[in-house]
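Undergrad: Kindly generate the corresponding structure for this input.
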Amino acid sequence: QVQLVESGGGQVQAGGSLRLSCAASGQTVTQLNMGWFRQAPGMEREFVAAVMWPDSFLYYGDSVKGRFTISRDNAKNTVFLQMNSLKPEDTAAYYCAAAPHFSTSADSFVYWGRGTQVTVSS
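TA: Numbering: from 1, shown residues only. Prediction:
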């Protein structure tokens with residue numbers, strides 16, 4: 001069993017930055033594929049970024065490439081999402097998730113946090 005708790009959301013103006021954190025317990029994140037997804041009201045859950053185990057390959061959704069960076073701190077069992085050059089269309093609830101196998105599909109992620117809200121104003 002894996003528990004995931006997100007933090008770091010908030011409100012920011014367009015062009016600003018936020019850093020989300022996802023603290024994991026129950027299993028070390030180094031043995032899991034960790035991802036970030038987001039969901040805006042009335043929209044489907046969208047893949048944002050993932051860091052794979054064991055090779056630490058990084059994957060990004062097309063809409064965030066070049067602006068967002070996913071990373072993990074193995075010592076703290078925590079995954080981060082650094083979000084720069086934020087746009088109003090980045091406004092959504094952001095969820096941390098964990099999967100035993102490689103995937104960028106939300107259906108393949110077994111463990112989910114409760115989410116943290118990010119609001120970007122123009």
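
Undergrad: Centre-most residue in this structure?
TA: By C-alpha atoms, centre = their mean, the chain has its centre lying nearest to residue 36, at 2.3 Å.

Undergrad: From residue 96, how far out is it?
TA: Noted for residue 36: a distance of 6 Å to residue 96, by C-beta to C-beta, to the nearest Å. Just so you know, the C-beta spots here come from the backbone N, C-alpha and C atoms, and that holds for glycine as well.

Undergrad: what sits in contact with each of the two?
TA: With contacts defined as C-beta atoms under 8 Å, 6 or more residues apart in numbering, the residues shared by residue 36 and residue 96 are 20, 22, 79.

Undergrad: Can you tell me, leaving aside adjacent residues, what's nearest to residue 84?
TA: Counting by C-beta to C-beta, 6 or more residues apart in numbering, residue 17 is the residue found nearest to residue 84 once chain neighbours are left out, at 4.7 Å.

Undergrad: Over to residue 109?
TA: Once its chain neighbours are removed from consideration, residue 109 has its nearest residue in residue 97; the separation is 3.7 Å (C-beta to C-beta, 6+ apart).

Undergrad: Please, which helix or strand holds the one you found?
TA: Using DSSP states H and E, the secondary-structure element containing residue 97 is strand 92-99.

Undergrad: Can you name the next helix or strand after that strand?
TA: Secondary structure here is assigned by DSSP H and E; on that basis, the next helix or strand after strand 92-99 toward the C-terminus is strand 111-112.

Undergrad: For residue 101, which residues are in contact?
TA: Each residue near residue 101 by C-beta under 8 Å, 6+ apart is listed here: 33, 108.

Undergrad: where does this structure dip in pLDDT?
TA: Along the chain, the model assigns pLDDT under 70 to residues 29-30.

Undergrad: Residue 99 and residue 112 touch, don't they?
TA: No - using C-beta atoms under 8 Å, residue 99 makes no contact with residue 112, being 10.2 Å away.

Undergrad: The closest residue to the residue nearest to the centre of the chain other than its chain neighbours and residue 39: what is the separation?
TA: For residue 36, ignoring the flanking residues on the chain, the nearest one in space by C-beta to C-beta, 6+ apart is residue 48 at 4.2 Å. If you measure residue 48 against residue 39 using C-beta to C-beta, the figure is 10 Å.
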